[in-house]
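Chemist: Structure for this input, please:
(chains A and B)
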Amino acid sequence: MKTLAELAAIKARMQNNVTLREGAAQTRVVVGMATCGIAAGARPVLAAFVDGVNKAGLTDKVTVTQTGCIGICQYEPVVEIYEEGKEKVTYVKLDADKAAEIVEKHLKGGNIVTEYTIGAIK
Amino acid sequence: MVRSHVLICGGTGCTSSGSVKILDAMNAEIAAKGLQDEIKVVGTGCFGLCALGPIMIVYPEGTFYSCVKVEDVPEIVEEHLLKGRPVERLVYHETKSEDPHHATSLSETAFYKKQKRVALRNCGVINPENIDEYIAMDGYAALGKVLTEMTPDDVIQTILDSGLRGRGGGGFPTGLKWKFASGNRGNVTKYVACNADEGDPGAFMDRSILEGDPHAVIEAMAIAAYAIGANEGYVYVRAEYPIAIHRLEVAIKQAREYGLLGKNIFGTGFDFDMFIRFGAGAFVCGEETALMTSIEGNRGEPRPRPPFPAVKGLFGQPTVLNNVETYANIPQIILNGVDWFKSMGTEKSKGTKVFALGGKITNTGLVEVPMGTTLREVIEEIGGGIPNGKTFKAAQTGGPSGGCIPASLIDTPIDYDNLIAIGSMMGSGGLIVMDEDTCMVDLARFFLDFTVDESCGKCTPCRVGTRRLLEILDKIIAGNGEMEDLDRLEELSNYIKSASLCGLGQTAPNPVLSTLRYFRDEYVAHIVDKKCPAGVCKSLLQYKIDPDKCKGCTLCARKCPVGAISGTVKNPHTIDTAKCIKCGACMDSCKFKAIYKE
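Modeler: Predicted structure coming up:
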């Protein structure tokens, strides 16, 4: 390494790695990963969110975590999105493609994908 | 992409309680569940809360697991990492919260709330064996700034202005030290050195910094070298610190590979490389002249000063020698500025200080607080107070070179000058807490015993004087003391202080003087009443059985290793004081609290 630019490049590349440890993200994507969720296919949904958030360059703002049974097993895979200062949004019966769409429209674009929310199903 | 980080403490404390096995088990379990691409396991440096080790933190939730065992690993993986349900029984009680996805932040807990982590900022946050993680935390940015934007004199002025004082004990202004060594740059071979020969019993802050953030020390030494015009550095570290040495070796290797050590750093034409030297554990080698003599390959003995190391140090050349913790502050001062640093601390002591909390305290561990924090805040709030309902009696700062601070002075704000004024000293930051069961005469004897052992023997006041002090203390503890002994202790202590060659001898009498100052009545009790008020000094103790409470169960007689207890079943027993070796086994075994000592 011979320049400060190279140092800055390493820092930029590693940044994602350490921001996760600061708990500073404002938005949390919580995937239901109890037995019911996993059986209904929550694993690929989780993977799609993790992947999508990374590709969209949102890692400093969004964390993806899992949770236990949310209590509406018939609607699994269920994903809840908590944004600071906004009401929680609950998406139901997701798959990997829908997850990618939510990352694109909701997390990146700021528009709730109403057709996948629990309100639309009920 | 990684969605979760599992940080496992790899400091010496947690390592000795099995954190390496936990880390291996975690990796194996994660691989078995096919989660290796989503979850990253990171071995870190010390989190500070050593009393609760082994410690594990899971991010992004920030769940703080304490006292983790290898057997807990499958449950943590299955429940928490796969299903998102933190394993409640292992969560540190202070961090439990209503919201399962967001643990109460560690910075909200009593242990961390009043702490301000500057020197320890990366300990427990990054993987010390990965230079990229250090760089992500602004690592080597200070070196880059110094080399490309600042002149060596700018650097020295910045450190001078910051008010940083040596964290190894003496409290000498760091910038001044650098300035003294800065003359004639380019024409004279100079050295920078790092004192990692942490010898105070109970102090482990330097070890923890080297274990948790070794690159900070490397970066700071390079900055110091640039400031004074040196191209070579030495870290003198105790051979008893294998983890610290290993991580420092790894860090130096990585820094060389990245060109952050070596020739032409950042293309500026500045060359710097550094090497490790092992100390064999002699306390005197923490003294600067002895340390440098030892690096040169000679027997570690001090020499008279002046000349000071800044004029004539390592290999006879001008040398800057700073302590590990001092160095760890340097990159932060360069990056955040003088005003930031001066905003913490008291008028004459700026910044923070790391303390190793030990002894009779609930939260044994490593804490970093702004200068001026009171002893009460450190002991009662951060330290969680004295365990088992006992009362605080005194705290020893500065190890064998320091003194005790009695309970009456618990509201003293801790800084260099306040501690000197009350007869102790900052030292490297060992803080040993004592409760009512500690005998202060015995304490002074303990530290004297240490310095007698560690005296190098080069000068008479230290070699002979400390031995005589110890003999007087032994006499008092044995019950043979006379009141004149107290005057003798004081007189001899003052001679040793003023006549010894180096810091070891000059400070060795401090434990005696400060206990005499604050606990003279305990000395008098040993001498006049032939009693040890704390019930520690065996020669002055007698174990007795209260005949009214004794039920004659015979348990004590069966426990006694020397057969000193006699009596028949259902009748009160008696102790033959001539046979009794005062081991206390009878008192521990008695179910009726019939045995007492006086």
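Chemist: CA only for contacts and neighbour counts going forward, please
Modeler: OK.
Chemist: Now do the buried residues in the helix or strand where B:Ser493 lies.
Modeler: When elements are assigned from DSSP states H and E, B:Ser493 belongs to helix B:484-499. For helix B:484-499, burial by neighbour count (16 or more other Cα atoms under 10 Å in any protein chain shown) applies to B:485-486, B:489-490, B:492-494, B:496-497.
Chemist: got TSV for those, with pLDDT too?
Modeler: TSV is the format used below for the buried residues of helix B:484-499 (pLDDT from 0 to 100):
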residue	pLDDT
B:Asp485	97
B:Leu486	97
B:Leu489	97
B:Glu490	97
B:Leu492	97
B:Ser493	97
B:Asn494	96
B:Ile496	97
B:Lys497	96
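Chemist: could these be laid out in CSV, adding distance to B:Pro128?
Modeler: Output for the buried residues of helix B:484-499, formatted as CSV (distance: Cα to Cα, whole Å):
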residue, distance to B:Pro128
B:Asp485, 52
B:Leu486, 50
B:Leu489, 47
B:Glu490, 47
B:Leu492, 47
B:Ser493, 44
B:Asn494, 45
B:Ile496, 43
B:Lys497, 41
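Chemist: Nearest to chain A among these?
Modeler: Distances from chain A to these, taken as Cα to the nearest Cα, are shortest for B:Lys497 (48.9 Å).
Chemist: Can you get me a residue count around the nearest residue to that closest one once chain neighbours are set aside?
Modeler: In space, and not counting its chain neighbours, B:Lys497 is closest to B:Gln506: 4.0 Å by Cα to Cα, 6 or more residues apart in numbering or on different chains. B:Gln506 has 20 neighbours, counted by other Cα atoms under 10 Å in any protein chain shown.
Chemist: What segments of the stretch 101-250 of chain B are helices?
Modeler: For the stretch 101-250 of chain B, applying DSSP state H, counting those that start in this stretch gives helices covering B:110-113, B:131-136, B:141-149, B:152-162, B:174-180, B:205-212, B:214-228, B:242-257.
Chemist: related to what we said a few turns ago, pull the most distant pair out of the buried residues of helix B:484-499.
Modeler: Greatest spatial distance among the buried residues of helix B:484-499 (Cα to Cα): B:Asp485 and B:Lys497, at 18.0 Å.
Chemist: contacting residues for the one residue in the stretch 101-250 of chain B that gets nearest to chain A?
Modeler: Residue of the stretch 101-250 of chain B nearest chain A, by Cα to the nearest Cα: B:Ala136 (4.3 Å). By Cα atoms under 8 Å, 6 or more residues apart in numbering or on different chains, the contact set of B:Ala136 is A:10-12, A:14-15, A:18.
Chemist: Find the nearest non-adjacent residue to it, please.
Modeler: Nearest non-adjacent residue to B:Ala136, counting by Cα to Cα, 6+ apart: A:Lys11, 4.3 Å away.
Chemist: Got the confidence number for the one you found?
Modeler: Here the pLDDT value assigned to A:Lys11 is 89.
Chemist: That one in helix, strand or coil?
Modeler: Per DSSP: H, G, I helix; E, B strand; the rest coil, the secondary structure class of A:Lys11 is helix.
Chemist: My guess is it contacts B:Ile135. True?
Modeler: Yes. With contacts counted by Cα atoms under 8 Å, A:Lys11 reaches B:Ile135, the gap being 5.5 Å.
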